[in-house]
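Novice: Sequence first, then the predicted structure:
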Amino acid sequence: MELRERAPVGMIPWIKEQKGIYWPEYLIYKAAYFRDPMTGLNEKCADAVCSACGEHMKLGRAYNVTSYRRNASFGVSWINDGREEYHGSGAHAKCPECGKEITVLHTSAANNLTRYVWTMTIERAGQDLVCYLWRVERITGKDGTQSFYSEPWEAVIFGEKSAGCYKHWYTDGFGKSYASEAWHPLAEVKDWFYDIDLLYCPEGITNVTRGTWMENSKLELYMNVKGEYLFPIVWLRLYQRRHKAETLMTCGAAKLVAGIIAEEKKGNYQTQWTTRLDVLKDLDWRKKKPAEILRLTKQELPYFTDRKLKNGVLRLRVIEEARKKGHRIRPGDEAGDALTLSDQLSLIENGIMPAFVTRYLDKQKRRYKRESSFYSLKDYWSMARRLGIQLDDRDARFPQNLRGKHDELVERINERKAQTEKAWNSERQKLFDQRFERMSRYSWEHDGILIRPAASEKELQKEGAALHHCVATYAKRHAAGELTIFFIRRSEEPDKPWFTLDFNERDLSVNQNLGMYNCERTPEVRAFEDAWLAWVRAGCKRINQKVVCVA
């Protein structure tokens, strides 16, 4: 069959009337002059036009403003409520004439001001139903005028059991898409109709689908769902393959089904729905009744078809997953988006209903006028287990004042941590003292330079802070004897950090010797290091308790 090349006549006027579309508006300005009636001289100003209201105006020039577009040398200013406003190119403001939100742009930056919207149309072709996707663009010129254009983009023809897909575009080597000159058939059915919220059908969907293979698809009910991303091609393809999907619409579960489709679809837009992919695989398509398809009982179905119910898909997932694991749960025991799916399942595993937790947290907020999140509750449970507090009792697990109890446990944890750290520091200092006593035999002085081992962790911290390196992180390994940190000083300044040496006692070798900002040792320090190593390897020989050089 021959596919359309032009959009229906009334589509663009209909699009202009839609209030839910975001159309960015601009205040486009350029340099200009006006004649001062008092002096007769030409004064600098800016000519500006608002694309929203079409008003032309004279504005002042502003030079000391932030320009978000570097190609603009000045901005504009105007009086608003007795105050002068200054705006650079690229700034957001309100039009001084109509008050609408606009983006201020210098004419040099007002290029390619194009906004695209995607619109779907449907029409009969015998018993087949043809769905078109149109790319409608609104172009704003530098003079503030607006023009609309429409281009055919996709088309899907639904027969009795099969479907054909066509595209009217191509991509270049950089991933950009452009309209092509003719329709091209695709080898398989792919859904490129992403998140369709504009469906132009002045005759009414029911009237168009009447007499086609999609007459009972209840497309009108699906497209009437609010608050969910809609994928009409996915729905029609699902109905074409599973006619029983119609009952999910007639029983009032349209919003729930739309949410399930959106959840599966939005995970990865690049993964297209084709004839080889099964949709809504979590539903039990072996059943016939709507409740059974959704894995619910007849009594539970009204709960999920209630229009006031929020996060129905998440709630359904919680119940399905919990029942798969053998847990007893009824509709209403789950929670909405206040808790994630994994958090709710974790609670159910421990015999706690998510709805009870959300009611408890809401009560805490009302009673104490402070926000209490589920993460605060989990943090409280974690600290209680660390402190050995039993949470078997409900009052212990859900304290009357969560925030107060949480802060109390934080103090206890900090006290225990301080005591442990104090004990550890004391033990570590003993190790440092032992290491210092053992390694002091390697202390040496030669030619105005001395070397000695670190005496404490505090010394390592001061050394690292003074020389701007990470020697303090070696404290644990030094205390354990894995390595030994020595300080190299000038003899006349024994307390001033200079170079830090990492010594391997087993091999009697130097791992590293670094100075300020991890700089390499100077020739002077290298010579001292070589002399020291020679002395150490010779057995640290001393004469009359004095250090002598054996080099």
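Specialist: Received the coordinates, thanks. Just so you know, these numbers come straight off a predicted model, no measurement behind them.

Novice: For the stretch 1-150 of the chain, just list every one of the strands.
Specialist: Using DSSP state E, counting those that start in this stretch, the strands of the stretch 1-150 of the chain run over 26-35, 42-50, 56-62, 75-80, 83-87, 92-94, 101-106, 113-125, 128-140, 146-158.

Novice: With mean neighbour count added, can I get those in CSV?
Specialist: To be clear about C-beta, it is placed using only N, CA and C from the backbone, and glycine gets the same treatment. Formatted as CSV, the strands of the stretch 1-150 of the chain follow (neighbours: other Cβ atoms under 10 Å):
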stretch, mean neighbour count
strand 26-35, 18
strand 42-50, 17
strand 56-62, 17
strand 75-80, 20
strand 83-87, 15
strand 92-94, 13
strand 101-106, 22
strand 113-125, 17
strand 128-140, 20
strand 146-158, 19
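
Novice: Is it possible to get CSV of those that adds mean pLDDT and distance to Tyr368?
Specialist: Output for the strands of the stretch 1-150 of the chain, formatted as CSV (pLDDT from 0 to 100; distance: least, Cβ to Cβ, whole Å):
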stretch, mean pLDDT, distance to Tyr368
strand 26-35, 93, 49
strand 42-50, 93, 50
strand 56-62, 93, 50
strand 75-80, 92, 43
strand 83-87, 92, 43
strand 92-94, 93, 39
strand 101-106, 94, 39
strand 113-125, 93, 47
strand 128-140, 95, 51
strand 146-158, 94, 54
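
Novice: okay, these in CSV with distance to Glu493 next?
Specialist: Compiled in CSV, these are given as follows (distance: least, Cβ to Cβ, whole Å):
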stretch, distance to Glu493
strand 26-35, 66
strand 42-50, 66
strand 56-62, 59
strand 75-80, 58
strand 83-87, 57
strand 92-94, 60
strand 101-106, 62
strand 113-125, 68
strand 128-140, 71
strand 146-158, 76
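
Novice: Out of the ones you listed, flag the one nearest Tyr442.
Specialist: Of all the strands of the stretch 1-150 of the chain, strand 92-94 sits nearest to Tyr442, with 68.2 Å by Cβ to Cβ.

Novice: what lines up beside the closest one in the sheet?
Specialist: strand 101-106 (antiparallel) (DSSP bridges).

Novice: The partner strand to strand 128-140, inter-axis angle?
Specialist: Interaxial angle, strand 101-106 versus strand 128-140 (axes from the mean of the first three to the mean of the last three Cα atoms, to 10 degrees): 50 degrees.

Novice: which residues touch strand 101-106?
Specialist: Residues outside strand 101-106 that contact it (Cβ atoms under 8 Å, 6 or more residues apart in numbering): 24-30, 50-52, 69, 71-72, 74-76, 87-95, 113.

Novice: rerun at 7 Å
Specialist: Contacts with strand 101-106, where a contact means Cβ atoms under 7 Å, 6 or more residues apart in numbering, come from 24-30, 50, 52, 69, 72, 76, 87, 89-95.

Novice: one step back: would you mind saying which of the strands of the stretch 1-150 of the chain lies nearest Gln429?
Specialist: strand 92-94 (60.2 Å).

Novice: residues making contact with the closest one?
Specialist: Contacts for strand 92-94 (Cβ under 7 Å, 6+ apart): Glu85, His87, Lys100, Glu101, Ile102, Thr103, Val104.

Novice: thought Leu238 was touching Ala245?
Specialist: Yes. Assessed by Cβ atoms under 7 Å, Leu238 is found in contact with Ala245 at 5.3 Å.

Novice: Show me how the chain divides into domains.
Specialist: Annotated domains of the chain cover 18-111, 114-296, 313-368, 443-547 [automatic domain parsing].

Novice: Tabulate these (JSON lines), appending distance to Arg435.
Specialist: JSON lines is the format used below for the domains of the chain (distance: least, Cβ to Cβ, whole Å):
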{"stretch": "domain 18-111", "distance to Arg435": "59"}
{"stretch": "domain 114-296", "distance to Arg435": "57"}
{"stretch": "domain 313-368", "distance to Arg435": "47"}
{"stretch": "domain 443-547", "distance to Arg435": "6"}
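
Novice: wait, which of the ones you listed is closest to Ala7?
Specialist: Of the domains of the chain, nearest to Ala7 by Cβ to Cβ is domain 114-296, at 4.2 Å.

Novice: Ends of the closest one, what's the gap?
Specialist: Its start and end residues considered, domain 114-296 measures 48 Å (Cα to Cα, to the nearest Å).

Novice: Figure out how far it is from the centre of its chain.
Specialist: 27 Å (Cα atoms, centre = their mean, to the nearest Å).

Novice: ok, now stretch 2-21?
Specialist: With Cα atoms, centre = their mean as the basis, stretch 2-21 stands 34 Å off its chain's centre.

Novice: from here on, count from 202
Specialist: Sure, I'll start numbering at 202, so the last one becomes stretch 203-222.

Novice: Any buried residues in that stretch, and which?
Specialist: Residues of stretch 203-222 classed as buried by neighbour count (16 or more other Cβ atoms under 10 Å): Ala208, Pro209, Met212, Ile213, Ile216.

Novice: what's the closest of the domains of the chain to Leu610?
Specialist: Once the domains of the chain are compared by Cβ to Cβ, domain 514-569 is nearest, at 15.8 Å.

Novice: in which helix or strand would I find Asp538?
Specialist: Using DSSP states H and E, Asp538 is not contained in any helix or strand.

Novice: Not counting sequence-adjacent ones, nearest residue to it?
Specialist: Nearest residue to Asp538 in three dimensions, chain neighbours excluded: Asn512, at 4.8 Å (Cβ to Cβ, 6 or more residues apart in numbering).
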